[in-house]
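Student: whatever this is, show me its structure:
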Amino acid sequence: MNVSSTGRFATRMEGVPRSFIREILKVAISPEVISFAGGLPNKALFPLEELQASAAKLMSGLDRNILQYANTEGYLPLREKIAERYARKGLKIDPRNILITNGSQQGLDLLGKIFINEGDAVLMEEPGYLGAIQAFSIFHPRFVTVLLTDEGIDTQILKQKIDTENPRMAYLIPNFQNPSGISYTEERRREVAETCKGKPMFLVEDDPYGDIRFRGEQKNSFYHYLPEQTILLGTFSKTVVPAFRMGWIVAPDDVMERLIIAKQAADLHTDYFTQRLVHQYLSDYDIDLHISQICRAYGKQADAMISAIEQYFPKEIQFTRPEGGMFLWLTLPEGQSAMKLFDLAIKENVAFVPGNPFYVGKTDVNTCRLNFSCSNEHEIEVGICRLAKVLASLG
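Tutor: Residues are numbered from 1 along each chain as shown. Have a look, this model is predicted:
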């Protein structure tokens, strides 16, 4: 007997969007397609041999505890390694204020659980990270968006929104923002911190790409200016490997207490063996040397994409020039549809992400995200040529 599922599901899932990019990747999976769609690290740069050696070393000790249940907070020596890396950036962080998570995406879910009641305001960049939009949507907030400029979020509008909307938190990506590739200026970072200071809210700083800077000078974290109100999200997905799902949250004591309870309810703890493996890798090898190799490669790929865009695209197409990270952002002439461009581009065997899912409440926009980290320089030129052909057909 078939039993209808109608009415059996929790209403909290209503209106939560599917991952738009995961749906696009299904279309772009054909080997003929050059894909600028996924936000994937370049697998050719994964430290495979080093991880294999670290895993063998870890297992050779025959310590059965590495296969046992563990505490919720995470392996303390790994948290100490993370704190040491922050210290080199001038941030003094107690390892006890670090929670190891199942990727930084779980961090978003945990923050939603402890902060967001239905109808609460959550402030985000426009355009904003679609994974955060999806994660927070489960808790049915009011999304309050603030436009990104070339220097970062518009702080005049930010102040106005904080004063009128009373957000629980502001979620921002100041380093090589996803999707735009924009990096906040130092002055804008200071202004954001000053605007949020003393307000009954937290500033959530997501920093998956901060280490992947291939030009320009390192900028200060919001935490540098406002440690008492800043929550940091970090990950090894972009600098080691994404399959490990190894992320973390840095938070004040009272927030950490609630995060630990929320994580215990979700999954008890992050995979302990993988925590130990990442710690072993960090102990055995120079991750900064590895990151420098990533930066050189991505810098060349970004330059190849920018050069091809300048050579082949119509001059009215605007685009960002990232100093790091994995993405750049296209703006088509007013009135042109990114979704229409995508449909035509797939027929020419080139894929990207239309801007739609990076906005809240907008159904058709004229912006597009292009990823450069997963294609070699030849593929980038060929793919941009294909996309230029489609753009020319739009007039």
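
Student: sec struct for residue 147, please.
Tutor: Here residue 147 is recorded as strand under DSSP: H, G, I helix; E, B strand; the rest coil.

Student: which residue is nearest the middle of the protein?
Tutor: Centrality entry for the chain: nearest residue to the mean C-alpha point is residue 208, 5.3 Å, by CA atoms, centre = their mean.

Student: wait, that one sits on residue 232?
Tutor: No - between residue 208 and residue 232 there is no contact under CB atoms under 8 Å: 11.1 Å. Heads up, the C-betas are built off the backbone N, CA and C, glycines and all.

Student: what number of residues lie near residue 265?
Tutor: 11 (other CB atoms under 10 Å).

Student: that one: helix or strand, and which one exactly?
Tutor: helix 253-267 (DSSP states H and E).

Student: going C-terminal from that helix, what's the next secondary structure element?
Tutor: Following helix 253-267 in sequence order, the next helix or strand is helix 272-284 (DSSP H and E).

Student: and that following helix, how far out from the chain's middle?
Tutor: 22 Å (CA atoms, centre = their mean, to the nearest Å).

Student: alpha carbons of that helix, as PDB, please.
Tutor: Extracted in PDB, the C-alpha atoms of helix 272-284 (Å, rounded to 0.1, in the frame of the first residue of the first chain):
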ATOM      1  CA  TYR A 272      38.300  11.800  14.800                       C
ATOM      2  CA  PHE A 273      40.600   9.900  12.600                       C
ATOM      3  CA  THR A 274      40.600  12.600  10.000                       C
ATOM      4  CA  GLN A 275      41.300  15.200  12.700                       C
ATOM      5  CA  ARG A 276      44.300  13.200  13.700                       C
ATOM      6  CA  LEU A 277      45.400  12.800  10.100                       C
ATOM      7  CA  VAL A 278      45.200  16.500   9.400                       C
ATOM      8  CA  HIS A 279      47.200  17.200  12.500                       C
ATOM      9  CA  GLN A 280      49.800  14.600  11.500                       C
ATOM     10  CA  TYR A 281      50.100  16.300   8.000                       C
ATOM     11  CA  LEU A 282      50.500  19.700   9.600                       C
ATOM     12  CA  SER A 283      53.200  18.300  11.900                       C
ATOM     13  CA  ASP A 284      55.100  16.500   9.100                       C
END
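
Student: list the contacts of it.
Tutor: 47, 50-51, 53-55, 57-58, 66-70, 74-75, 77-78, 81, 100, 236, 240, 244-246, 287 (CB atoms under 8 Å, 6 or more residues apart in numbering).

Student: swap the cut-off to 6 Å and go again
Tutor: Contact partners of helix 272-284, identified using CB atoms under 6 Å, 6 or more residues apart in numbering, comprise 51, 54, 55, 58, 66, 70, 75, 77, 78, 81, 244, 246.

Student: with stretch 56-64 instead?
Tutor: Identification of contacts with stretch 56-64 by CB under 6 Å, 6+ apart yields 276, 277, 280.

Student: same question for stretch 87-107.
Tutor: 73-74, 79-80, 82-83, 86, 131, 223, 233, 235, 245, 247-250, 256, 259, 270.

Student: quick one: average pLDDT of that stretch?
Tutor: In this model, stretch 87-107 has an average pLDDT of 97.

Student: how many residues are close by residue 48?
Tutor: The local packing of residue 48 (other CB under 10 Å) involves 11 other residues.

Student: check the one 5 residues further on too.
Tutor: Burial of residue 53, expressed as a neighbour count using other CB under 10 Å, amounts to 15.

Student: ok, which stretches of the stretch 201-350 of the chain are strands?
Tutor: 202-206, 230-235, 246-250, 318-319, 327-331, 350-351 (DSSP state E, counting those that start in this stretch).

Student: can you check the stretch 51-200 of the chain too?
Tutor: Counting by DSSP E, counting those that start in this stretch, the strands of the stretch 51-200 of the chain are 98-102, 121-126, 142-149, 152-153, 169-172.

Student: mind putting those into JSON lines with distance to residue 159 and mean neighbour count?
Tutor: Shown next, in JSON lines, are those (distance: least, CB to CB, whole Å; neighbours: other CB atoms under 10 Å):
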{"stretch": "strand 98-102", "distance to residue 159": "31", "mean neighbour count": "25"}
{"stretch": "strand 121-126", "distance to residue 159": "11", "mean neighbour count": "24"}
{"stretch": "strand 142-149", "distance to residue 159": "10", "mean neighbour count": "18"}
{"stretch": "strand 152-153", "distance to residue 159": "11", "mean neighbour count": "26"}
{"stretch": "strand 169-172", "distance to residue 159": "11", "mean neighbour count": "26"}
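
Student: how much space separates residue 349 from residue 311?
Tutor: 20 Å (CB to CB, to the nearest Å).

Student: so between the two, which is more surrounded?
Tutor: residue 349 (16 against 11).

Student: contact partners for the more buried one?
Tutor: So residue 349 contacts 32, 33 (CB under 6 Å, 6+ apart).
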